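K.L.:
sequence first, then the predicted structure:
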Amino acid sequence: MYGGASGLERASPADDGATDDPPAGEIWSRVKRRLRAELGEDVFASWFARLELDVVTGGCARLTVPTRFLKSWIEAHYADRVLATYRAEAPTVERISVGVRGTPVRDDRKPQDASRPAPAKALAAMASFGPRPSAAPPVSSEQRGEAADLAGAPLDARLTFQSFMIGRSNALAHAAADRVARHEGGPALYNPLYLHAGVGLGKSHLLHAIGHEARGTGRRVIYLTADRFMYGFVASLKAQTSLAFKERLRAIDLLIIDDVQFIQGRSIQAEFGHTINALIDAGRQIIVAADRQPAELEALDERVRSRLAGGLVVEIGALDEALRASILAARLAAVRAAHPTFEVGPAVVAYVARAITANGRDLEGAVNRLLAHATLTGAAGTIETAETAIRDLVRNREPKRVKIEEIQKLVASRYNVSRSDILSERRTAAVVRPRQIAMYLSKLLTPRSLPEIGRRFGGRDHTTVLHAVRKIEKELGDDAGLSEEVELLKRMLQE
């Protein structure tokens, strides 16, 4: 079986017969760092963040991913790149294979040789609407079933409007979601409804709640993650059932798409755009969620971004302390139903709500840690116990997500120029210096790649951004005043 973390433990230098080589896990970490640096943060997060090393044996590095779509996409588009990067760190690796975690590995089947491009080219042609070969490869009944019947991802029974905690940061999003879910008859509302927020702030909860409520009124609902949408589309091309795929999507009443920022590929984006247009024109409801507003989805086609921005766009903000306390109280009440002797006092709840500020998932993790300490060690539920239990969550909490627009506005205000000056072609010293500082901070504080930053600064080339970043980095070491100024800007942006 492919095993993720267990595979990393099994992988060792002895697998390749070179006892002096670094551990396979260390080599794999270096490979991933190279891929991140070469491909950029967005591409890496979309396709490689969940790629794990299972084992290295016989000159073959076996890698695993959680879904068949990711396996197909990596084999089709990045197999040669991954192999070349791996060989740069470990020349003894001659090939790679990609498997789906949880599926068995057949020993009598030779792992795929990533140096042979034929299978990758074949899949790439299908994924880009290229000419089909006259004799299509055999298609399994499983592939035909998935392509023909796009049932969507299952809805989580726990994620309902009743279990959603409302606060100032999410009240508008909740009200819009509730209104859309209960709407019957007449044209669709706020079409599309677009929710965006960081990790663990409740956007997926609202999507599931909408799905449950709408199905309860008899409407036909499909809930899809971006991964599932892309896999269904590619699978329909392979099975030659793409028409059925399109008809199935466009015959529903309500389409819910989660994590739309991960939709990649020109043909897939085109089909996504056609689907949105067809459903809106037919008066059907669309709800979309992402981790940023439509204008910031640089990887998406501009026409798709424009269509998404044409509806109601609602941001779910960070959880305030009162809302975090309410979420904690609800989680603790649910845990006490199964563990009646588990008690956490109001002072501990208040401490945890103040200490953990990142997202709701960390709050759930805090409850699990408190329960483990209480049941496994018998420790009382005191603030001291809570400090020990949640120490890693407090230390590793995520910093504030900084946006390029915020950087541009703050720098412009600090240097008495306008944001339009920074984006313009003006090359006077009064404008160039703030522009370079803003570019440097954008590279430092955001996950955006150099080309993306260049586009956000008036459509400049990535080499211009690189020059600005290197220039400011050099001057920071020579100019103490500039260093203090940039540090102040960083603190202001991250507060």
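P.N.:
Received, thanks. Just so we're clear, the structure is a prediction, and the values are computed from it rather than from any experiment.
K.L.:
for the stretch 51-200 of the chain, what spans make up the strands?
P.N.:
Taking DSSP state E, counting those that start in this stretch, the strands of the stretch 51-200 of the chain run over residues 52-57, 60-65, 95-100, 193-196.
K.L.:
redo those as TSV? Include mean pLDDT and mean neighbour count.
P.N.:
Where C-beta positions appear, they are placed from N, C-alpha and C, glycine not excepted. Conversion of those to TSV gives the following (pLDDT from 0 to 100; neighbours: other Cβ atoms under 10 Å):
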stretch	mean pLDDT	mean neighbour count
strand 52-57	89	23
strand 60-65	90	24
strand 95-100	90	20
strand 193-196	94	25
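K.L.:
in TSV, list the ones you listed along with distance to Gln162.
P.N.:
Shown next, in TSV, are the strands of the stretch 51-200 of the chain (distance: least, Cβ to Cβ, whole Å):
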stretch	distance to Gln162
strand 52-57	37
strand 60-65	35
strand 95-100	35
strand 193-196	19
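K.L.:
right, and those strands - which one's nearest Asp227?
P.N.:
With Cβ to Cβ as the criterion, Asp227 lies closest to strand 60-65 of the strands of the stretch 51-200 of the chain, at 10.1 Å.
K.L.:
gap between the closest one and the chain center?
P.N.:
Taking Cα atoms, centre = their mean, to the nearest Å, one finds the center of strand 60-65 at 22 Å from the center of the full chain.
K.L.:
okay, buried residues for the helix or strand encompassing Ala334 please.
P.N.:
For Ala334, the element it lies in under DSSP states H and E is helix 321-338. Going by neighbour count (16 or more other Cβ atoms under 10 Å), the buried part of helix 321-338 is 323-328, 331-332, 335.
K.L.:
what is the nearest of those to Val344?
P.N.:
The nearest member of the buried residues of helix 321-338 to Val344, counting by Cβ to Cβ, is Leu332 at 5.5 Å.
K.L.:
what's the residue nearest to the closest one when sequence neighbours are not counted in contact with, if anything?
P.N.:
Leaving aside its chain neighbours, Leu332 sits nearest to Val344 (5.5 Å; criterion: Cβ to Cβ, 6 or more residues apart in numbering). Residues near Val344 by Cβ atoms under 8 Å, 6 or more residues apart in numbering: 332, 370, 381.
K.L.:
give me the phi and psi angles of the nearest residue to Val260 once chain neighbours are set aside.
P.N.:
Leaving aside its sequence neighbours, Val260 sits nearest to Ala290 (Cβ to Cβ, 6+ apart; 4.6 Å). Main-chain dihedrals, Ala290, degrees, to the nearest 10: phi -150, psi 180.
K.L.:
could you point out which element follows the helix or strand that Val234 is a member of?
P.N.:
Taking DSSP H and E as the criterion, Val234 maps to helix 226-238. Per DSSP H and E, the first helix or strand lying C-terminal to helix 226-238 is helix 242-250.
K.L.:
is Arg448 part of a helix or strand, or is it coil?
P.N.:
What DSSP: H, G, I helix; E, B strand; the rest coil gives for Arg448 is coil.
K.L.:
state the distance from it to Val469.
P.N.:
Going from Arg448 to Val469 by Cβ to Cβ, to the nearest Å gives 12 Å.
K.L.:
go on, Asp362?
P.N.:
Distance from Asp362 to Val469, by Cβ to Cβ: 32 Å.
K.L.:
among these two, which residue is more densely surrounded?
P.N.:
Between Asp362 and Val469, Asp362 has the larger neighbour count (other Cβ atoms under 10 Å), namely 23 against 19.
K.L.:
just want the angle from whatever helix or strand comes next after the helix holding Ala334 to helix 321-338.
P.N.:
Going down the chain from helix 321-338, the next helix or strand is helix 346-355, by DSSP H and E. With axes from the mean of the first three to the mean of the last three Cα atoms, to 10 degrees applied, the angle from helix 346-355 to helix 321-338 works out at 130 degrees.
K.L.:
other residues contacting helix 346-355?
P.N.:
For helix 346-355, the surrounding residues in contact (Cβ under 8 Å, 6+ apart) are 321, 324-325, 328-329, 332, 363, 366, 370, 381-383, 385-387, 390, 393-394.
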